[in-house]
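[1] quick one, structure for this:
(chains A, B and C)
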Amino acid sequence: MAKAVLEVRNLVATFRIDKKEYPVLRDISFTVHENETVCMVGESGCGKSVTTLTIMDLLPSNGRVVSGSIKLNGQELTTLTRKERNALRGKRMGMIFQEPMTALNPLLTIGRQLTEGLRLHQGMTKKQAYDTAVEYLEKVGIANPQDRMKQYPFQLSGGLRQRIMIAMVMAVQPSLLIADEPTTALDVTIQKQVLVLLNKLKKDVSTGVLFITHDLGVVAEIADRVVILYAGCKVEEGAIGEIFSNPQHPYTIGLMKAVPDVEAEEFDIQPIPGVFPNITEEIGGCRFHPRCPYATDRCRSELPQEIEISPGHTVSCHLVKEAQE
Amino acid sequence: MARSICKRIALMFLLLIGMSFLVFASLYIAPGDPASMVAGPSATEEDIANIRVSLGLDKPFLVQYFMYLKRLVHLDLGMSYTSRQPILSELLVRLPHTLNLACAAMIISVFLGVPAGILTALHKDSFIDNFLTTSSLILLSIPNFLLGVILMYFFGVKFKLLPVGGMEHFFWTPEGFREAILPAFALATGTMASFIRLGRSAMLDVMQTDYIRTAKSKGLKRGAIIFGHAFRNALIPLVTQFGTSFGGLLGGAIITEQVFVINGIGTYLINGIRNYNYPVVQSTVLLIAAMFILINLIVDILYCVIDPRIKLQG
Amino acid sequence: MSGKQPLLELKKLKKYFPVRRGVSIKAVEDVTFTIYEGEKFGVVGESGCGKSTLGRVILQLYQQTSGAAIYYGRTLEEIGPQYLSHEISKLMEYQTKANEFYQKSLKLDAKAEAIRKEKDALSPLGTTNREVLKEIRLSKKISDLEFQSLELRKDASRHLREGSRTVGSLILCKDLPKVKELFEQSARETAMATVANRALKTLEHQSEQLAVEGKQDASLEKKIEAARARVQKHVDAARQYRQKAWDDYHGKDILPLTERTLDPEYQKKLDGNYETGINLGKLTRSEMRGLRRDMQMIFQDPAASLDPRQTVGKSIEEILVINEDLSAEVRKERVMNLLDEVGLKREHYYVYPHTLSGGQKQRVGIARAIALNPKFVVLDECVSALDVSVQAQILQLLNELSKEKDLTYFFITHDLGVVKHFCDRIVVMYLGNVCEIAESKDLFHNPMHPYTQSLLAVVPRMRVGEHSTEFVLEGDVPSAIHPPKGCPFHTRCSRCMEICSQEKPKPIENEPGHFVACHLYSKQES
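    I've put the predicted structure just below:
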């Protein structure tokens, strides 16, 4: 078994809105191993981005971790001071964001932004940092890296900027790479380029990747394991093959049927009825029951426990549990 | 970039010509006969008529304007009706006083206002933020002549800490520094307050952008984030403010000069208006306009220095 | 495709956005296709391919640079656009001008001929310098004259072409004044129809008002019947006058205006120019405003297009206030019905947009778009901002509405999965150009254009396992300010040939209903 890079256990986080605390992450647990890509999937508001911000300690000022543990390479993060966590950020874990157009500082050259982290975390000299940065630009498939180092972000296309973000993060050789919807803002042809690149890089370095996306097609292409979130709860987790061939949770199944896949024939997409709950909304029992076609009284009153139906494949659903019994 | 600056300079000259026309026209239609002003109270009708001809005042409006423009090109601003001296040399004597005051005030507002604004942004909702934003509001609403009188009374008359009026030395000399403190502060408060408020909002905006989040995710230290990444971006709106507020400072200087008895172009202008001294008024207004336009040219060049998007795309 | 009525025809539509002098963004280039009634027509492409611009140009939110968008949802008789009477009044001018230009060009030809004779008379091998110089001078004169003559001929046929937009090949007719008179009569009837139509509208509103109040008035119904008949009478008369002109003069007494006019092929071509629909780009502002009820748009970001300080009900009502003269009760009743139709609750009438979810906001957007019973709706990335489960709900709703209300959709998207499941026919665009047009099934089973092929290859699929890296495009889309010469895609195409960088391929119908603009296929043709 590969070494665990990131272990998240029973994470609970809240947001304060109008002086009231609302939970946004409800008891989330998962693990990312070396050389593994874990995809976290869910619709907007499900808590997938909050999870990454919690791990990076970048929560907005009204967000707070209530309980749970986050371990990076075995080191507990939640008990560290701000300064200590800041020192780990960028060095042991790096992050790529959704919007390549705004994620780079418009007034600084690419070179400056690339070498900054290297000089801080690796104690490199200017020259060493420059050489490393150029090397990584080549690695992410950018032609004429020396020229690029002198350019400003506005002179580059979205796809190039996202490659530069990847180079920037990977150059520091972190053990964990967090990618928050890194291809959502890109066109399909560019998205494919970036996905191919990420897959290639993963083979080269022993980094664990936590990949956030809402697109199941992208998941199928890049994930080793999948974590599915719904309204702040983890509903299902499993190896990629398991989830796609044998989805168990009604939400996972619904999600799969709602995706318009280019391979499928005819007009066969089926929506999940109802509305996604707001975080201020109080729902008793299973968070999914108002939209679940199979909901029973038990679902309305009792929060389902996570059960393992096959090695590595866990589901939180009363119905699956009853069927098992 | 060079092309866009050349364009700006050409535009600057056009603006100046437009400005000269406006100034000339507004004084042309103003009441009062300059010829009789020049001649003085004891002159006969004939004298006045002679003077009118010799000044070219009998010619049609446009001809007069072009004569005026031609003289302008040769830096001949005409004679002052009252002192019979060339206006240019009179202005050149007074201009340093005004610039001395305005620059001292600008330095105070930029070097106190901008850091204070950034400080409030970084400590949003803290005591210091509330204190500074509230006091900046008060400072904004006090007219500077009133503040000047109050300052003069307390620091000059009551405690005798600083000179009451006059500014004879440049502010970087020891005497000049003491002289400059009161008038410069009186003049600077409004501009400083606007720099505090704008600096605060600019910094707050920048701190919420994606690239600052990227910088944070790289684990950069707070200082490196603020000075390496945020500051230059926050400067862009401040530079615009710098250009516009300089005009305000020049306008304010006219009043402040009166309060503190400083012999600058403001005093010169007001005396000119009082005495129907048309050429003086024309030239002073034109000079102020020219300085304002020049400052805005400098602002445009500053933009190019700060923002590579402007520099490289022209 | 026969049996289907065309609703909208785009002819060489072009849209350039000027950046500064001499430089413009070429957003849409020579787009030609037809959208049929009741169709769900999809437009796919990456960002910057001009798909959104195209949608807006069709709705005349942007003025087109050149080309035409012809709308067939209403007849010319119903609308009676001003440009038509203007064009009718210019018919004689077109014909005489064409004739004039042609005669001039003939004179020039004669002159050139005379000079040529003079030149031929010179000894074939010029012996003296003077003779050689003279020969050169004469040759230059001939070519100058020939050039001028050609230009004049072009002008002549341009005039004929302009005229043929209004009357087809009748522009060549000897009895053009009579034709013109008939068309003028038709235009007069049309104007009367418009007036009658306005009266009818008022009556209908009255009747609706009564219906809401729960009353009935038999005499009003009769009046409405009469008014409707009156409108129909004028419309029919207008059509008959045009038909009469066509029957009496088509193909007869052709003036030999130019050497081509007697050629039946040329006449057919002129007939092809005959616009039986409404040229949207030529309408006046107020005429277009009137037509806008037929043509609506739904935007990507429903939140941004709703006023946060206005209740949902009010913001839907607004469009009725502007376009229909209805009493408050009738309006409210209509809005309530609309809320039902788009799957919202009646309570939503009173709530503010911020309390709605993204999907619900988009439903409000749809309600607003269908409030005036449009025929044609442009959907600009209208499900792209939604989560998949909700996206499927909205697509289902749109599908049902199109069947119930006979809507025609112009569905703009970057998502190939959505377009495959939702649309009947699809056009693929790249850098403002049409690459391929085909029925949805054909396009996905048999993509022909290399760009379509690579698009399909890189779309993420719901399938675990091997993902091919074949067809992965290198680099980025080129700039639309300086698009590549020849085929716009040749810089990234894996099957690029020599001709591709020289000549822009024209869309050809490679299989029935399957058009593709690529030299790989034009070679097979020839």
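
[2] what is the neighbour count of the residue of the stretch 151-300 of chain A found nearest chain B?
    At 4.5 Å from chain B, A:Y152 is the closest residue in the stretch 151-300 of chain A, using Cβ to the nearest Cβ. Heads up, the C-betas are built off the backbone N, CA and C, glycines and all. Neighbour count of A:Y152, defined by other Cβ atoms under 10 Å in any protein chain shown: 20.

[3] I'd assumed B:I310 was in contact with it.
    No - using Cβ atoms under 8 Å, A:Y152 is not in contact with B:I310; the gap is 11.0 Å.

[4] contacting residues for the residue of the stretch 151-300 of chain A closest to chain B?
    The contact partners of A:Y152, by Cβ atoms under 8 Å, 6 or more residues apart in numbering or on different chains, come to A:106-110, B:308-309, B:312.

[5] swap in 7 Å and give it another go.
    A:106, A:109, B:308, B:312 (Cβ atoms under 7 Å, 6 or more residues apart in numbering or on different chains).

[6] for B:D210, same thing?
    Contacts of B:D210 by Cβ under 7 Å, 6+ apart are A:97, A:99, A:102-103.

[7] lowest-confidence entry in those?
    On pLDDT alone, A:E99 ranks lowest of the contacts of B:D210, at 86.

[8] so that one, which of the three states?
    Recorded secondary structure, A:E99: coil (DSSP: H, G, I helix; E, B strand; the rest coil).

[9] so who does it touch?
    Neighbouring residues of A:E99 by Cβ under 7 Å, 6+ apart: A:185, B:210.

[10] what about chain C, any weak spots by pLDDT?
    Applying pLDDT under 70 to chain C flags the ranges C:1-3, C:123-127, C:466-467, C:470, C:523-526.

[11] what ranges of chain B fall below the confidence cut-off?
    Across chain B, the ranges flagged by pLDDT under 70 are B:1, B:313-314.

[12] tell me, what residue is most central in it?
    Centrality entry for chain B: nearest residue to the mean C-alpha point is B:L250, 2.8 Å, by Cα atoms, centre = their mean.

[13] what separation do you get for that one and B:G243?
    12 Å (Cβ to Cβ, to the nearest Å).

[14] ok, back up a step: in the host helix or strand of the residue nearest to the centre of chain B, what's buried?
    Per DSSP states H and E, B:L250 falls inside helix B:231-259. Using 16 or more other Cβ atoms under 10 Å in any protein chain shown as the test for burial, helix B:231-259 gives B:231-239, B:241-243, B:245-250, B:252-257, B:259.

[15] residue in chain B nearest to chain A?
    B:G219 (3.0 Å).

[16] tell me which stretches of the stretch 51-200 of chain C form helices.
    In the stretch 51-200 of chain C, the helices defined using DSSP state H, counting those that start in this stretch lie at C:51-58, C:76-79, C:82-89, C:91-121, C:129-167, C:176-213.

[17] packing partners of the second one?
    So the one you mean is helix C:76-79. helix C:176-213, helix C:218-249 (3 or more Cβ pairs under 7 Å, 6 or more residues apart in numbering or on different chains; DSSP states H and E).

[18] in stretch A:305-324, what counts as buried?
    A:306-307, A:309, A:313-321.

[19] just the residues you listed now: which is nearest C:I136?
    A:H313 (90.4 Å; Cβ to Cβ).

[20] how close does that closest one sit to A:M168?
    Relative to A:M168, and taking Cβ to Cβ, A:H313 is found at 35 Å.

[21] spatially nearest residue to the residue of the stretch 101-250 of chain A found nearest chain C, not counting backbone neighbours?
    Taking Cβ to the nearest Cβ, chain C has its nearest neighbour within the stretch 101-250 of chain A at A:G217, 2.8 Å off. With sequence-adjacent residues excluded and distances taken as Cβ to Cβ, 6 or more residues apart in numbering or on different chains, A:G217 is closest to C:P460, at 2.8 Å.

[22] for that neighbour, the count of nearby residues, please.
    The burial count assigned to C:P460 is 25, neighbours taken as other Cβ under 10 Å.

[23] check A:R287 too.
    Using other Cβ under 10 Å, A:R287 has 23 neighbouring residues.

[24] isn't it up against A:V235?
    No - using Cβ atoms under 7 Å, A:R287 makes no contact with A:V235, being 8.2 Å away.

[25] mind listing what's buried along stretch C:188-203?
    C:188-190, C:192-194, C:196-197, C:200, C:203.

[26] reformat those into JSON lines and put distance to chain B next to each item.
    Below are those laid out as JSON lines (distance: Cβ to the nearest Cβ, whole Å):
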{"residue": "C:R188", "distance to chain B": "55"}
{"residue": "C:E189", "distance to chain B": "58"}
{"residue": "C:T190", "distance to chain B": "52"}
{"residue": "C:M192", "distance to chain B": "56"}
{"residue": "C:A193", "distance to chain B": "55"}
{"residue": "C:T194", "distance to chain B": "51"}
{"residue": "C:A196", "distance to chain B": "58"}
{"residue": "C:N197", "distance to chain B": "53"}
{"residue": "C:L200", "distance to chain B": "56"}
{"residue": "C:L203", "distance to chain B": "57"}
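
[27] could you list the buried residues of the next helix or strand after the helix holding B:L250?
    Per DSSP H and E, helix B:231-259 leads on to helix B:265-274 as the next helix or strand towards the C-terminus. Of all the residues in helix B:265-274, those buried under the rule 16+ other Cβ under 10 Å are B:265-272.

[28] looking at those residues, which is nearest chain C?
    Of the buried residues of helix B:265-274, the one sitting nearest to chain C (Cβ to the nearest Cβ) turns out to be B:I265, at 40.2 Å.

[29] and that closest one, what does it touch?
    B:I265 neighbours (Cβ under 7 Å, 6+ apart): B:91, B:94-95, B:98, B:284, B:287.

[30] filter these down to the buried ones.
    Buried, going by 16+ other Cβ under 10 Å: B:91, B:94-95, B:98, B:284, B:287, out of those.

[31] got TSV for these, with secondary structure too?
    Below are the buried ones among the contacts of B:I265 laid out as TSV (three-state DSSP):
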residue	secondary structure
B:L91	helix
B:R94	helix
B:L95	helix
B:T98	helix
B:T284	helix
B:L287	helix
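
[32] would JSON lines of the residues you listed with distance to chain A be doable?
    Shown next, in JSON lines, are the buried ones among the contacts of B:I265 (distance: Cβ to the nearest Cβ, whole Å):
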{"residue": "B:L91", "distance to chain A": "40"}
{"residue": "B:R94", "distance to chain A": "41"}
{"residue": "B:L95", "distance to chain A": "36"}
{"residue": "B:T98", "distance to chain A": "35"}
{"residue": "B:T284", "distance to chain A": "40"}
{"residue": "B:L287", "distance to chain A": "36"}
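
[33] any stretches of chain A with poor pLDDT?
    For chain A (pLDDT under 70), the answer is A:1, A:266-267.

[34] quick one: the residue of the stretch 101-250 of chain B found nearest chain C from A:P100, how far?
    Going by Cβ to the nearest Cβ, chain C is nearest to B:D210 of the stretch 101-250 of chain B, at 18.4 Å. According to Cβ to Cβ, B:D210 and A:P100 sit 9 Å apart.

[35] also C:A238?
    Relative to A:P100, C:A238 is positioned 58 Å away (Cβ to Cβ).

[36] need the residues of chain A near chain B, please.
    Contact residues (Cβ under 7 Å from any Cβ of the partner chain) of chain A with chain B: A:56, A:58, A:86-87, A:89-91, A:94-95, A:97, A:99, A:102-107, A:116-117, A:120-121, A:152, A:154.

[37] just want the most central residue of chain A.
    Closest-to-mean residue, chain A, Cα atoms, centre = their mean: A:I212 / 2.8 Å.

[38] picking that back up, the residues of chain A next to chain B, buried ones only, as a PyMOL selection?
    Here is the PyMOL command that picks out the buried ones among these, judged by 16+ other Cβ under 10 Å:
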select buried, chain A and resi 56+86+87+89+90+91+94+95+97+99+102+103+104+105+106+107+116+117+120+121+152
